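> This is the structure alone, sequence omitted:
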């Protein structure tokens, strides 16, 4: 169960007495579920996983090129993105934040366009096609920024880390159980300081993904949960 499932009305339509086990995508989602519906007979957490070897890696250096992980909806928090863009442009007018083209909430898109235009920041944010995949899209960026209020963009962040990009992530509920604490921020000025810092540790970001989000560990978690099911014995 993912956060977007729990935040919807879907769980309320299920009779959980007939569920022998549930797989959650984060410890925070499991805790929220337990508070709302009680604890199932068995549960486990398998966070987003990937194989870093599938993504091109290079050592990154401080730059002005940033990828925004999205999504371009209210969940992606374009209000916070606008604040960060304005602060970065004050430091250096050539900062460029790339926003992936995709499904967008018209309200969020309208707000962001208005905020950037009225602040004279339209040149600092560009929308780019991700048609060839996130791996290729991130190739010329050195930071992956997420301003979201949920874990909706966590996979893009993890792919960026696997490629060596510096993660800069808004501290949504449960973020600390999925991402390194030094990547998290709560205020716009903290995000700007993380980006403006000359400290990039590309190998560490990739190692974190390999250690905490490997496909092997996810597979083992699922197998262990299945073994708890009476029919699997």
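Cool, the structure landed. All values derive from a computational prediction rather than experimental measurement.
> Need the pLDDT of the most centrally placed residue in the chain.
Nearest residue to the geometric centre of the chain (C-alpha atoms, centre = their mean): residue 154, 2.2 Å. The model reports residue 154 with a pLDDT of 93.
> wait, it sits on residue 179?
Yes. Contact criterion C-beta atoms under 8 Å: residue 154 and residue 179 qualify, at 7.4 Å. The C-beta positions use only the backbone N, C-alpha and C, and glycine is treated the same way.
> can you list the weak-confidence ranges in the protein?
Where the chain drops to pLDDT under 70, the residues are 40-41, 103, 215-233.
> all strands of it, in order?
22-24, 43-45, 65-68, 96-100, 125-128, 143-146, 166-170, 184-185 (DSSP state E).
> possible to save the ones you listed as a markdown table with mean neighbour count and distance to residue 208?
Output for the strands of the chain, formatted as a markdown table (neighbours: other C-beta atoms under 10 Å; distance: least, C-beta to C-beta, whole Å):
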| stretch | mean neighbour count | distance to residue 208 |
| --- | --- | --- |
| strand 22-24 | 20 | 21 |
| strand 43-45 | 17 | 17 |
| strand 65-68 | 24 | 18 |
| strand 96-100 | 20 | 23 |
| strand 125-128 | 15 | 26 |
| strand 143-146 | 28 | 13 |
| strand 166-170 | 25 | 9 |
| strand 184-185 | 21 | 13 |
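> now those strands in CSV, with distance to residue 57?
Output for these, formatted as CSV (distance: least, C-beta to C-beta, whole Å):
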stretch, distance to residue 57
strand 22-24, 29
strand 43-45, 27
strand 65-68, 16
strand 96-100, 19
strand 125-128, 21
strand 143-146, 14
strand 166-170, 13
strand 184-185, 23
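> looking at these, which is closest to residue 90?
Nearest to residue 90, of all the strands of the chain, is strand 96-100, at 14.0 Å by C-beta to C-beta.
> quick one: strands adjacent to that closest one?
In the sheet, strand 96-100 lines up against strand 65-68 (parallel), strand 125-128 (parallel) (DSSP bridges).
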